[in-house]
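*Asks:* sequence plus predicted model, see below.
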Amino acid sequence: MSFRTLARSFPFLAFVLITVPAFAEIQPNDGARAARYSDSKRGTAVLVIQNGRTIFERYSHGAVANGRWPIFSGTKSFWGVTALCAVRDNLFRLDDPVAATITEWKTDPRKSRITIRQLLNFTDGIPGAPHLHRTSIANRNAAAIQLPLVAAPGTRFIYGPSHLQIFLELLRRKLSGRSPISYIEENVLRPLGLGSMEFKPDRRGNPLGASGFELTAREWARFGELVLGNGSYQGRRIVPANLMKEAFIGSSANPAYGLTFWLNTESPHAAEADMEKELDLPWERADWQGICISRAAPPDMIVALGSGYQRLFVIPSLHAIIVRQGQDAKFSDAEFLRLLFGRR
């Protein structure tokens, strides 16, 4: 019987079999061990910051500290924080119906029930539509809005770019003439000291919400500081703390995914899963119950995740930020974190 099945069928027994690990300061030699593992999987950068100090930093395979690297779907989390800024600015509330702004949905009995929260945690029932990544599409937002429902809102987690494209159209309409690009630059990127980004606009100028940003490990760590600060960065409050916490609440359809952030809340009493492998499955076959990213990591770990195993791990209980970047090669989050925390 697999641990995943065991954890579901006998949760108390799973609790007995696995004890919660004790965590302490991350050691530089453990950072080196984790970095060697990352290097063996075509890793290009490992950066470990704890209690505001750089514990370990290394670049390999031709990468350098000031070299930007694609974070792919790590971009999504920036738009999630942008959504929280819009809530802060009273543009909308998370549980408002999307149809109040995307009025094309008002007469649809199922689409009219979709909330903004469901757009951001990918449980709206809209197909992922990976073709929306193409820059050749004339209007991604319009194409996403027209997609049919494949599941009842709130019942299934379906990953893909469609949800954020619908959200970006909603935000565009709420901004009354201002562009979502100018809004994210003003409210998120510039406060973090981040320069111009590649937004991969379509022919209408709509940014791609699902991917596109390139960052150095240190730049991505600034975003981690914002998460670690619960919405505050270097003494500046960007998102109210109570609002920032909304991003780290999973859904019933996928407890491991909040508002554009991955979560480790089921640790240590769940089966470890390779999230990228799960995302490769058709959504109908993916099972998001009873899983975690790492049993060696605390349950409060928050992750921004990009294809090719680009990772930003933020662990509030350890006051830690960990960046891993690399080329497309098989990699295990669980093994990397086990080594980093000195687990044998």
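*Replies:* Sure thing, it's come through. All of these numbers come straight from a predicted model, not from anything done at the bench. Numbers count the residues shown, from 1 in each chain.
*Asks:* for residue 214, phi and psi?
*Replies:* Here is the backbone geometry of residue 214 (degrees, to the nearest 10): phi -120, psi 130.
*Asks:* hey, what's it bridged with?
*Replies:* residue 70 (DSSP bridges).
*Asks:* and the gap between it and residue 80?
*Replies:* Separation of residue 214 from residue 80 (Cβ to Cβ, to the nearest Å): 18 Å. Any C-beta I mention is one placed from the backbone N, CA and C, and that applies to glycine too.
*Asks:* compare those two (neighbour count), which wins?
*Replies:* residue 80 (21 against 15; other Cβ atoms under 10 Å).
*Asks:* ok, the more buried one touching residue 244?
*Replies:* No - checked against Cβ atoms under 8 Å, the pair residue 80 and residue 244 is beyond contact range at 10.1 Å.
*Asks:* the nearest residue to residue 152 once chain neighbours are set aside: how many residues sit nearby?
*Replies:* For residue 152, ignoring the flanking residues on the chain, the nearest one in space by Cβ to Cβ, 6 or more residues apart in numbering is residue 125 at 5.8 Å. Neighbourhood size, residue 125 [other Cβ under 10 Å]: 23.
*Asks:* which of the three states applies to residue 294?
*Replies:* Put simply, residue 294 is coil when judged by DSSP: H, G, I helix; E, B strand; the rest coil.
*Asks:* just the strands from the stretch 201-344 of the chain, written as ranges.
*Replies:* Assigned by DSSP state E, counting those that start in this stretch, the strands in the stretch 201-344 of the chain fall at 214-215, 232-233, 236-237, 262-263, 271-272, 291-292, 302-306, 310-315, 320-326.
*Asks:* would you turn those strands into JSON lines with mean pLDDT and distance to residue 61?
*Replies:* Below are those laid out as JSON lines (pLDDT from 0 to 100; distance: least, Cβ to Cβ, whole Å):
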{"stretch": "strand 214-215", "mean pLDDT": "98", "distance to residue 61": "16"}
{"stretch": "strand 232-233", "mean pLDDT": "98", "distance to residue 61": "30"}
{"stretch": "strand 236-237", "mean pLDDT": "98", "distance to residue 61": "35"}
{"stretch": "strand 262-263", "mean pLDDT": "98", "distance to residue 61": "25"}
{"stretch": "strand 271-272", "mean pLDDT": "97", "distance to residue 61": "26"}
{"stretch": "strand 291-292", "mean pLDDT": "98", "distance to residue 61": "29"}
{"stretch": "strand 302-306", "mean pLDDT": "98", "distance to residue 61": "17"}
{"stretch": "strand 310-315", "mean pLDDT": "98", "distance to residue 61": "14"}
{"stretch": "strand 320-326", "mean pLDDT": "98", "distance to residue 61": "8"}
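*Asks:* closest to residue 168 out of these?
*Replies:* Closest approach to residue 168 among the strands of the stretch 201-344 of the chain (Cβ to Cβ): strand 302-306, 18.1 Å.
*Asks:* before we move on, what SS does the residue nearest to residue 152 have?
*Replies:* The three-state assignment at residue 125 reads coil, by three-state DSSP.
*Asks:* residue 86 contacts residue 171, correct?
*Replies:* Yes - Residue 86 is within contact range of residue 171, at 6.1 Å (criterion: Cβ under 8 Å).
*Asks:* name the residues contacting each of these two.
*Replies:* Here residue 86 and residue 171 have residue 183 as joint contacts, going by Cβ atoms under 8 Å, 6 or more residues apart in numbering.
*Asks:* pLDDT below threshold where in the stretch 201-344 of the chain?
*Replies:* Residues of the stretch 201-344 of the chain meeting the criterion pLDDT under 70: 344.
*Asks:* please enumerate the helices of it.
*Replies:* Counting by DSSP state H, counting those that start in this stretch, the stretch 201-344 of the chain has helices at residues 217-228, 241-244, 275-280, 333-340.
*Asks:* then the longest one to PDB, C-alphas only?
*Replies:* When you say that, I think you mean helix 217-228. Extracted in PDB, the C-alpha atoms of helix 217-228 (Å, rounded to 0.1, in the frame of the first residue of the first chain):
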ATOM      1  CA  ALA A 217      18.000  34.700  -8.000                       C
ATOM      2  CA  ARG A 218      18.400  37.800  -5.800                       C
ATOM      3  CA  GLU A 219      15.600  39.600  -7.500                       C
ATOM      4  CA  TRP A 220      13.200  36.700  -7.100                       C
ATOM      5  CA  ALA A 221      14.300  36.600  -3.400                       C
ATOM      6  CA  ARG A 222      12.900  40.200  -3.100                       C
ATOM      7  CA  PHE A 223       9.500  38.800  -3.900                       C
ATOM      8  CA  GLY A 224      10.100  36.200  -1.300                       C
ATOM      9  CA  GLU A 225      10.800  38.900   1.200                       C
ATOM     10  CA  LEU A 226       7.400  40.400   0.400                       C
ATOM     11  CA  VAL A 227       5.800  37.000   1.100                       C
ATOM     12  CA  LEU A 228       7.900  36.500   4.300                       C
END
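*Asks:* got a list of contacts for it?
*Replies:* Contacts to helix 217-228, defined as Cβ under 8 Å, 6+ apart, come from residues 45-47, 49, 57, 59, 65, 68-69, 71, 74, 77-78, 81, 192-194, 215, 232-234, 238-239, 244, 261, 302, 304, 312-314, 316, 319, 321, 323, 325.
*Asks:* what bits of the stretch 1-150 of the chain have low per-residue confidence?
*Replies:* 1-23.
*Asks:* that'll do, ta.
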